[in-house]
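Student: using only what follows, build the 3D model:
(one chain, ligands or ions: 1)
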Amino acid sequence: MRRPIIAGNWKLNKTIVEAVDLANKLKAATLKLDDRTAVVCPPFTALSAVADALRDSDIAVGGQDIFWEDSGAFTGEISGPMLKSAGCTYVIIGHSERRQLFGETNDTVNKKLLAALKNCLFPIVCVGETLEERKTNQTFEVIKSQVNNSLANLTNEQLALTVIAYEPVWAIGTGLTATPAQAEEVHAFIRTLLCKEVAEGMRILYGGSVKPDNVKELMGQKDIDGALVGGASLKAPDFISLINY
Ligand code: PGA
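Tutor: Numbers count the residues shown, from 1 in each chain. Here you go, the predicted model:
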């Protein structure tokens, strides 16, 4: 009943030419998109060109970040109306790299989430504990605080449009994947934090070294509704087999 989402986060990779080349390869592939959604999130500079390349496909395009104001004196930022006009329907918010390297907090994530919803973009809100937090048994406390504070002040209608990505920081780009059981435990916990009306329908994606050889087992877990993929989304054959898991 929850339609799975396989989303590729291209991070700081690919020039416009390279991005369009990857998009064309995905578009040319046979993808099982009747019962799942595929999203690619190129860097801002390539969004418009990738959206053009994917125009007649069922692959959606998303931004990797959004600013909470629509316009104004905010040098370097990109707003919801800009993402929409570039062809985006999704946006990643609060990725751990943004939290760790660029000072994002649950408060800024919440503002960005509200801005995404206001601009009719489906938000993919990232949460996840560090290795230190896992080792010191703080995983659930950290996830609870991130979910509750990042998703504060949302109506049930807004929550229903929101996607959560659980990405243990220690599993991102490290080749260390959470075991399906470790991931499922946190996904099920996240669902308990949501009010009954939205918990059942909320898509919760797993992210952190998802690869063609581990996606099936992860997707077999009851509360895992998709994947947010970094490294393996940069090569067409890998991302195609992830979409077709
Ligand atoms: P990874 O990145 O698949 O390269 O671990 C996941 C992410 O950061 O979203």
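Student: quick check, Thr177 in contact with Ser209.
Tutor: Yes: judged on Cβ atoms under 8 Å, Thr177 makes contact with Ser209 at a distance of 4.4 Å. Heads up, the C-betas are built off the backbone N, CA and C, glycines and all.
Student: give me the common contacts of those two.
Tutor: Taking Cβ atoms under 8 Å, 6 or more residues apart in numbering as the contact rule, Thr177 and Ser209 both touch Ala171.
Student: how about the closest residue to Gly62 other than its chain neighbours, phi and psi?
Tutor: Nearest residue to Gly62, sequence neighbours excluded (Cβ to Cβ, 6 or more residues apart in numbering): Tyr90, at 3.1 Å. When read as degrees, to the nearest 10, the backbone of Tyr90 gives phi -120, psi 160.
Student: right, and Tyr90 touches Val39 too?
Tutor: Yes: contact status for Tyr90 versus Val39: in contact at 5.0 Å, counting by Cβ under 8 Å.
Student: what residues are up against the residue nearest to Gly62?
Tutor: Tyr90 makes contact with Ala7, Val39, Cys41, Ala60, Val61, Gly62, Gly63, Leu121, Phe122, Pro123, Ile124, Val163, according to Cβ under 8 Å, 6+ apart.
Student: just Ser57 next, same as before
Tutor: Per Cβ under 8 Å, 6+ apart, neighbours of Ser57: Leu26, Lys27.
Student: give me the phi and psi for it.
Tutor: phi -110, psi 180.
Student: can you give me the strands for the chain?
Tutor: Taking DSSP state E as the test, the strands found in the chain are 5-9, 37-41, 59-63, 90-93, 122-127, 163-166, 203-207, 226-229.
Student: isn't Phe44 up against Ser79?
Tutor: No: with contacts counted by Cβ under 8 Å, Phe44 stays clear of Ser79, the gap being 11.1 Å.
Student: show me what the residue nearest to Gly62 is bridged to.
Tutor: Tyr90 forms beta bridges with Gly62, Phe122, as assigned by DSSP bridges.
Student: distance check, it against the ligand.
Tutor: Distance of Tyr90 to the ligand, given as Cβ to the nearest ligand atom, to the nearest Å: 13 Å.
Student: okay, that residue: pLDDT?
Tutor: What the model reports for Tyr90 is a pLDDT of 98.
Student: grab the nearest non-local neighbour of Leu12.
Tutor: Pro43 (6.4 Å).
Student: what do you get for Arg99?
Tutor: Thr105 (7.4 Å).
Student: what is the end-to-end distance of stretch 36-47?
Tutor: End-to-end distance for stretch 36-47: 22 Å, by Cα to Cα, to the nearest Å.
Student: check contacts around the residue in the chain positioned nearest to the ligand.
Tutor: Using Cβ to the nearest ligand atom, the single residue of the chain nearest to the ligand is Gly230, 2.3 Å away. Gly230 sits next to Gly8, Asn9, Lys11, Ile172, Gly173, Gly207 when contact means Cβ under 8 Å, 6+ apart.
Student: one more: Trp10?
Tutor: Listed by Cβ under 8 Å, 6+ apart, the contact partners of Trp10 are Ala19, Leu22, Val40, Cys41, Pro42, Pro43, Gln64, Ser233, Leu234.
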